[in-house]
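>>> here's my sequence, what's the structure:
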Amino acid sequence: MDKHAKKVVGKIVKKAVDHAPEPVKEKVKEIAVDKAKEKIVGGIQEKGKELAQKLSNSKDDLADNVQEKAGKAKEKTQDVLLSAKEKLGTAVEAGKDFQRNMSFKDKEDHDRKVKSARHIKGISDIKTSKDMKSATNLKSIETIKTSKDIKTMQS
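The predicted model follows:
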């Protein structure tokens, strides 16, 4: 309805209420209160349904997101485990090669013996500053042989 019609209807209702007997006024008030309650309850229920729908949509989106992230995390974990497995494999191979090489050297050097305490050098075997050559013991330019000192086949 347009505004003019609403105003006219509003005036008619006011006049009718003013001229109506008292029991009819109370009955109309009760009906108006019941209709208002129904309208409010209906509005609240509608809002509740909307909220429930939004909550349901949010839960679905969250579940999808969690599932996607879990899949990505699983893939990354599997990649890391696979690379660790490969590295362990190469380490094991290197260990086996090392062991083979060591056992081969032992077979070659079968007469090799472990040194005892008598064969290990002691502190007295270490050179001191007195045992080392000094500047006077070093060769000088005069003592170094030159091409003149080389004997030829003529002599």
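>>> show me the helices in this structure, by range?
Applying DSSP state H to the chain gives helices spanning 3-19, 22-108.
>>> and those as JSON lines, adding mean neighbour count and mean pLDDT?
C-beta here means a position set from N, CA and C on the backbone, and glycine is covered the same way. Formatted as JSON lines, the helices of the chain follow (neighbours: other CB atoms under 10 Å; pLDDT from 0 to 100):
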{"stretch": "helix 3-19", "mean neighbour count": "10", "mean pLDDT": "81"}
{"stretch": "helix 22-108", "mean neighbour count": "10", "mean pLDDT": "89"}
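>>> how about these in CSV, adding distance to residue 146?
Shown next, in CSV, are these (distance: least, CB to CB, whole Å):
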stretch, distance to residue 146
helix 3-19, 130
helix 22-108, 47
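>>> any idea which of those helices gets closest to residue 123?
helix 22-108 (31.5 Å; CB to CB).
>>> isn't residue 20 right next to residue 28, touching?
Yes. Counting by CB atoms under 8 Å, residue 20 touches residue 28, with 7.4 Å between them.
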